[in-house]
Structures are given as structure tokens and as C-alpha cells.
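Asks: Attaching a predicted model along with its sequence, questions to come.
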Amino acid sequence: MSTQISAEYVKELRSKTGAGMMDCKKALQASAGNMELAIETLRRKGLALADKKSGRITTEGVVESYIHAGSKIGVLIELNCETDFVARRLEFHRLAKDIAMQIAACPLVKYVSVDSIEEKIVVNETRIESEKEDLTNKPKDIRNKIVKGRVDKYLKEISLMNQQFIKKPEILIEELIKQHIALLGENIRVKRFEKFVLGDS
């Protein structure tokens with residue numbers, strides 16, 4: 001026998017996740033009314049849907065700006081989606097603003113994702129790590145593993161998608177975007193960004 005769920009409870013879950021009413025009701029029934037479990041279920045389902053949409057072409061979107069307090073750091077970002085309808089949605093504009101703010105707050109971030117980092121950066125960083133003195137006397141296989149681990153860590157540090165969202169540190173920017181893909185029903189991607197720091201060359 002399925003658990004009886006009130007309409008108010010379904011609406012509360014919908015407001016928290018952006019999922020459809022029936023999906024919210026089913027998730028609450030499946031979790032016997034446990035809100036946190038229901039949210040987790042919808043997130044898993046939403047992220048799966050987001051992965052399916054990730055290959056779709058994005059030709060619409062917005063160019064958003066963020067100027068940090070004191071006007072010494074500014075960011076311009078191009079966030080793309082599939083249709084002009086979604087590009088006009090308040091949630092989409094908030095996402096663009098949040099990501100621009102994230103970039104301003106992360107001094108090391110230079111690339112959208114690890115995949116977008118040029119090979120010469122990876123090669124150079126691997127060379128630097130390989131020449132560090134603390135690895136000199138280690139066996140080659142151990143040394144290679146340590147170097148790879150350090151390089152992977154560095155690449156994630158300079159990649160936007162691998163940053164913890166400043167407003168909700170338990171999720172990464174990549175997951176934040178996937179949640180909005182699930183919410184808005186379209187593929188969304190950060191095409192490019194530029195950060196301006198006063199006095200920087």
C-alpha cells in the first residue's frame with residue numbers, strides 16, 4: 001500500500017527541486033514521505049536526464065557580468081542553452097550570475113573544464129612535478145603515480161567545473177549546471193569566460 005502524501009508536501013518538494021508534480025509525488029511515496037530521500041531520488045533521476053541532454057546543441061543563451069564589491073574584479077561569462085525561451089528564464093539568469101560570481105571568487109580558475117585545458121599545460125605541469133626533489137629516490141612506478149595524482153589535482157584546481165559551489169559547497173559547479181538542465185529541460189553549458197583584475201596585465 002502506497003504512502004498517502006499531502007498536496008502541500010508535494011508542492012514543497014517541487015519548490016525545492018523544480019521537478020514535476022507527479023515525479024515529486026512518486027518520489028515521496030517511494031521514500032515513505034522522507035523529504036531528504038525523495039530529493040536524493042529526484043536528483044539522481046534529474047542528473048541522469050541531464051547526462052542524456054549534454055550532447056544537444058546550444059546556440060542561445062546570455063552574456064552575464066559580475067563586478068565584485070570594490071570594483072576591482074569583474075567577470076564576463078557566456079552561458080548557452082538550446083532555446084530563447086529558456087534563455088529568458090529567471091532561473092537561467094540566476095545560474096549565469098552565480099557562475100560569474102564563482103569565477104570571481106576562485107583566483108586559480110582559468111578554464112571551463114579539465115577537457116578544455118591545452119595539452120602543453122598538462123605536459124609542462126607533469127615535467128615540473130617529475131623534477132621535484134621529494135620524488136628523486138622513489139621507484140619509477142610510485143613516482144609516476146604521485147606525479148599523475150598531483151597533476152590531476154592541479155588541473156581540477158584551475159577548472160571551473162570542478163569547483164565547489166560557493167553558495168552550496170556540497171556540490172560542484174558541474175552538478176549545479178546538471179541540476180539546472182534537469183530543471184529547465186535543456187542542455188546548458190559554459191562556453192567561455194573572462195576575468196578582469198584591476199592592475200593585472
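Replies: Nice, thanks for sending it over. Residues are numbered from 1 along each chain as shown.
Asks: quick one: least confident helix or strand in this structure?
Replies: helix 35-53 (a mean of 72; mean pLDDT, DSSP states H and E).
Asks: domain assignment for this structure?
Replies: 7-53, 60-112+158-197, 118-157 (automatic domain parsing).
Asks: Isn't Cys106 up against Met161?
Replies: No - at 11.5 Å, Cys106 does not count as touching Met161 under the criterion of Cβ atoms under 8 Å. Quick note: C-beta positions are derived from backbone N, CA and C, even for glycine.
Asks: State the next helix or strand along the chain beyond the least confident helix or strand of the chain.
Replies: Using DSSP states H and E, the helix or strand that follows helix 35-53 in sequence is strand 60-67.
Asks: May I see the buried residues of that following strand?
Replies: For strand 60-67, burial by neighbour count (16 or more other Cβ atoms under 10 Å) applies to 60-62, 64, 66.
Asks: now swap in stretch 140-151 and tell me
Replies: 143, 146-147, 150-151.
Asks: Out of these, list just those in strands.
Replies: If you go by DSSP state E, these have nothing in strands.
Asks: which of those sit farthest apart?
Replies: Greatest spatial distance among the buried residues of stretch 140-151 (Cβ to Cβ): Arg143 and Val151, at 12.4 Å.
Asks: Which residues does stretch 28-36 contact?
Replies: For stretch 28-36, contacts defined as Cβ atoms under 8 Å, 6 or more residues apart in numbering pick out 2-3, 5, 9-10, 12-13, 16, 37-38, 41.
Asks: Can you give the distance of the helix or strand harbouring Val10 from its chain's centre?
Replies: Taking DSSP H and E as the definition, Val10 sits inside helix 7-17. How far helix 7-17 lies from its chain's middle: 24 Å, per Cα atoms, centre = their mean, to the nearest Å.
Asks: what do you get for stretch 118-138?
Replies: That offset, for stretch 118-138, works out to 28 Å (Cα atoms, centre = their mean).
Asks: Endpoint to endpoint, that stretch covers what distance?
Replies: End-to-end distance of stretch 118-138 (Cα to Cα, to the nearest Å): 29 Å.
Asks: residue ranges with poor pLDDT in this protein?
Replies: Residues of the chain meeting the criterion pLDDT under 70: 1-3, 15, 17-20, 46-55, 201.
Asks: For it, which segments count as helices?
Replies: Secondary structure of the chain by DSSP state H: the helices cover 7-17, 21-30, 35-53, 84-87, 90-105, 119-130, 140-157, 173-184.
Asks: Tell me how far Asp84 lies from Gly61.
Replies: Using Cβ to Cβ, to the nearest Å, we find Asp84 at a distance of 9 Å from Gly61.
Asks: any chance of the buried residues of strand 60-67 in a markdown table, with distance to Gln102 too?
Replies: Shown next, in a markdown table, are the buried residues of strand 60-67 (distance: Cβ to Cβ, whole Å):
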| residue | distance to Gln102 |
| --- | --- |
| Glu60 | 22 |
| Gly61 | 17 |
| Val62 | 16 |
| Glu64 | 12 |
| Tyr66 | 9 |
